[in-house]
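S.K.: Any chance you can model this:
(2 chains)
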Amino acid sequence: MAERCGVVGLGQTKYDRCLPLSLDGLVREAALRALEDAELTFADIDAVVIGKAPDALEGVMMPELSLADALNAVGKPIHRVHTAGSVGASTAISAATLVESGMYETVLTLAYEKQSEGDFMWALSGGRSGGAGAGGSFAPWIREYIKRSGAPPHIGWKVAVKDRLNALKNPYAHLQMEGITIEKVKESPMLWDPLHFFEACPSSDGAAAMVITTVAGAKRTPRPPAWVLAHAKRTEFTVFPGRDPVKPAAGVECAKALYKKAGITDPRRQIDCAELYVPFSWFEPMWLEGHLIADEGDGWKMTDSGATELGGDFPVNMSGGVLSSNAIGASGMVRCLEAANQVRGTAGDYQVDGARVALGHAYGGASNYFAMWIVSSDPNPSFS
Amino acid sequence: MVAMSEFPTSFTLEYPYTRTLGPVIGPFLTALRDGRILGIRCGSRVLCPPLEFDPETGETLSPDFVEVGPMGCVEFWTWIAEPSRKHPFREPFAFAQVKLDGADTAMTHAVKASGPEAMSNGMRVKAQFREERTGAISDVYFVPEADALDMAIEPGEGEVEISTHLISLTFDENLYPSRARYAQGLLDGKFIGQRSPVSGSVSIPGKGYDPMARVLMTEADDVELAPTGTATSFTVITPIQYKGQTETEPYVSASIFLDGSDQPLTMQNIYNIPVDEFREGMRLRAIFKPVAERNVDNVDNSWMIFTTGNVIERWEPTGEPDVPREEFPEQI
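M.R.: Okay, here's the model as predicted:
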């Protein structure tokens, strides 16, 4: 039986277009904040797990080596994780696994991106012309979702507004769009039909860090831990005959495995809130269905009813989500971190009242990498 | 038949990345531009090149800079007999660990010497500054003390806070045999896919194995597909201008299921059909370019994004009725 582990320290930088910090300074700021939250120092850390999206984004090869000084990881095991856009969540899961295995007691995990130092579109296109970008790649699948589900066009606009309004409550969020409305989203330029400019995530610099430790380790930290009840990762090929990119089998299987491990039988009712990786507005209803929170064809109805708003019965992306801050490598970790933030009761103005169980989720690549975890304020909650 | 010698293809991946230099490397490079070399105090030692964090304790170092050099001592060295285009000199030179006077640590840098016989451990060297300085580590180099010239350096203006690095890599990529046959087919004006001997499903390009049944496929499993198909899904791309992007106007990017295929050709760019006339279900025929104008330079082994090369002149509506949605392939 694996050791139960808990998240005892959370740290983030402000997310912004261009942060005046060196890469070393950036990761260190998030790490120090996580340590401060846990009231620990680098000396208490037994191993470091670091993640980021492809090296081509900043052109720094094997950054885990050059960042060892800034993370005081010299002489300690340092691990690097890479699973495209889902990497931040995969990295958190790798760190949790190291603690659960009994190999290390206290692990610092960190993920980042400094998008201002390179060009995401260039990197995604492999340096060639005609790159459609992530939005252009996902847009046909979004159109297919809309056709299958019969969702009205305003669903995407509604998600874009909701997440930006949530971001106004989160001082770390990159986009602070006072006065954002459905009209403004709808009238923003069409980038990749049906996605408008305001339905897409920004390019951000930023880093996120967490301290994860054992039950014994958690007793030495002052604030309540977020206990990691379950985690799961799944992958599938990017293309193969019969692949459904709208509701990928890997995403369904990942969610099933996750809920089973956590003892969850009715995710909509038994999970209090979720941070889902939604870089383009329509992925909110798509993942609600794709991860079995809503029945097929009903995801958009949850969004439309207001259920996913802060104050709804299943709030999604209380922090403002990827739509408001996207330091790519960090974004998956931020979802896991914000889930922990909720169950620790430390989410400030975007706290969900009484949040006890939360889901953190990320996907990556061509919707073919998935990584998720469930955290709780209770190390052994019972679900009924 | 176009010769197979078209493969492999060579590609240069190149981007001018920037670096935010921060509170230590920024002043260090600003000083280099101005003809001075800075170390940083770290406990009782002076580190040069300076670091943001104490490499032993991990503490943030306060920006307590000390000017070091310009004289220094070679700790050890190696001779670069055949410099590459990325090296600081075209003629042979030495890379050396140079400990500058006043510093307790050495930096790796270039020493311009007449030959390896002019190099030795413990030799004295002096910093020389290039005439054109940009606030980069290459603003400076070292020479044996006897070769040193005195130079007057005009300080530049402002602080160096961000540097730019053109990172460039040219590589040859050999195509997998299945991908090479697909590329050769494109040059010949044919769509070559593979039929799984297990499921019978047809993929294009073929992977050389059935990824679901995990069974190898060979040239015997290749099938030629008709150049006609159905658009099952699309978007309209508004091109974002990044380095190397040549698209400027909105265009359709469609997934097209070739007749008899079970996997779409994704991201087929359509320029000849107005974006507001394009429809899911449209029947299309690939019109190939004249043989002499075809190339597959952008066909690589990628599975995230695979291309149909530069062989298709346009996807032309066949004029057949649209395929109704219920007759689409099971997955789009």
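S.K.: Let me see the ranges of the strands in the stretch 151-300 of chain B.
M.R.: B:162-173, B:191-195, B:202-203, B:209-210, B:215-216, B:222-225, B:228-237, B:251-258, B:265-270, B:283-288 (DSSP state E, counting those that start in this stretch).
S.K.: and if you look at the stretch 1-150 of chain A?
M.R.: Under DSSP E, counting those that start in this stretch, the stretch 1-150 of chain A gives strands at A:5-12, A:47-51, A:78-81, A:106-114.
S.K.: Deepest-packed of these, please.
M.R.: strand A:106-114 (a mean of 30; mean count of other Cβ atoms under 10 Å in any protein chain shown). Where C-beta positions appear, they are placed from N, C-alpha and C, glycine not excepted.
S.K.: packing partners for that strand?
M.R.: Contacts defined by 3 or more Cβ pairs under 8 Å, 6 or more residues apart in numbering or on different chains; DSSP states H and E place strand A:106-114 against helix A:23-38, strand A:47-51, helix A:87-100, strand A:205-214, helix A:328-343.
S.K.: how about the ones you listed in a markdown table, adding mean pLDDT and distance to chain B?
M.R.: Shown next, in a markdown table, are the helices and strands packed on strand A:106-114 (pLDDT from 0 to 100; distance: least, Cβ to the nearest Cβ, whole Å):
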| stretch | mean pLDDT | distance to chain B |
| --- | --- | --- |
| helix A:23-38 | 97 | 5 |
| strand A:47-51 | 98 | 12 |
| helix A:87-100 | 98 | 15 |
| strand A:205-214 | 98 | 8 |
| helix A:328-343 | 98 | 15 |
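S.K.: and A:L323, helix, strand or coil?
M.R.: helix (DSSP: H, G, I helix; E, B strand; the rest coil).
S.K.: A:D298: how many residues sit nearby?
M.R.: 16 (other Cβ atoms under 10 Å in any protein chain shown).
S.K.: Need phi/psi at the residue nearest to it when sequence neighbours are not counted.
M.R.: Distances taken as Cβ to Cβ, 6 or more residues apart in numbering or on different chains put A:E289 closest to A:D298, at 7.0 Å, once the chain neighbours are dropped. Main-chain torsions, A:E289, degrees, to the nearest 10: phi -80, psi -40.
S.K.: A:E289 touches A:G297, doesn't it?
M.R.: Yes - between A:E289 and A:G297 there is a contact under Cβ atoms under 8 Å: 7.3 Å.
S.K.: Quick check: the residue of the stretch 51-200 of chain B nearest chain A.
M.R.: Minimum separation of the stretch 51-200 of chain B from chain A (Cβ to the nearest Cβ) falls at B:G58, amounting to 3.1 Å.
S.K.: And that residue, how close does it get to B:E52?
M.R.: 11 Å (Cβ to Cβ, to the nearest Å).
S.K.: Find residues that contact each of these two.
M.R.: A:D69 (Cβ atoms under 8 Å, 6 or more residues apart in numbering or on different chains).
S.K.: quick revisit: quickly compare the helices and strands packed on strand A:106-114 and say which is most buried.
M.R.: When the helices and strands packed on strand A:106-114 are compared using mean count of other Cβ under 10 Å, helix A:328-343 is most buried, at a mean of 32.
S.K.: average pLDDT for whichever helix or strand comes after that helix?
M.R.: From helix A:328-343 onward toward the C-terminus, using DSSP states H and E, the following helix or strand is strand A:357-364. For strand A:357-364, mean pLDDT is 97.
S.K.: Can I get strand A:357-364 in CSV, CA atoms only?
M.R.: In CSV, the C-alpha atoms belonging to strand A:357-364 read as follows (Å, rounded to 0.1, in the frame of the first residue of the first chain):
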residue,chain,number,x,y,z
VAL,A,357,-12.7,17.3,-2.6
ALA,A,358,-11.3,18.9,-5.7
LEU,A,359,-10.1,17.7,-9.1
GLY,A,360,-7.0,19.1,-10.9
HIS,A,361,-6.6,18.2,-14.6
ALA,A,362,-4.4,18.7,-17.6
TYR,A,363,-4.3,17.5,-21.1
GLY,A,364,-1.7,18.0,-23.8
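S.K.: elements contacting that strand?
M.R.: helix A:87-100, strand A:273-275, helix A:328-343, strand A:369-376.
S.K.: So for A:G217, which of those sits nearest?
M.R.: helix A:87-100 (8.1 Å; Cβ to Cβ).
S.K.: now could you export just the CA positions of that closest one as PDB?
M.R.: Output of helix A:87-100 as PDB, limited to C-alpha atoms (Å, rounded to 0.1, in the frame of the first residue of the first chain):
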ATOM      1  CA  VAL A  87       3.400  18.300 -18.200                       C
ATOM      2  CA  GLY A  88       2.600  20.400 -15.100                       C
ATOM      3  CA  ALA A  89       0.100  17.900 -13.800                       C
ATOM      4  CA  SER A  90       2.300  14.900 -14.800                       C
ATOM      5  CA  THR A  91       5.100  16.600 -12.900                       C
ATOM      6  CA  ALA A  92       3.000  16.900  -9.800                       C
ATOM      7  CA  ILE A  93       1.900  13.300 -10.100                       C
ATOM      8  CA  SER A  94       5.600  12.200 -10.500                       C
ATOM      9  CA  ALA A  95       6.500  14.100  -7.300                       C
ATOM     10  CA  ALA A  96       3.500  12.500  -5.500                       C
ATOM     11  CA  THR A  97       4.600   9.100  -6.700                       C
ATOM     12  CA  LEU A  98       8.100   9.600  -5.300                       C
ATOM     13  CA  VAL A  99       6.600  10.300  -1.900                       C
ATOM     14  CA  GLU A 100       4.000   7.600  -2.000                       C
END
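S.K.: Determine how far it lies from the middle of the whole chain.
M.R.: 13 Å (Cα atoms, centre = their mean, to the nearest Å).
S.K.: Stretch A:194-207 too?
M.R.: Per Cα atoms, centre = their mean, the centroid offset for stretch A:194-207 relative to its chain is 14 Å.
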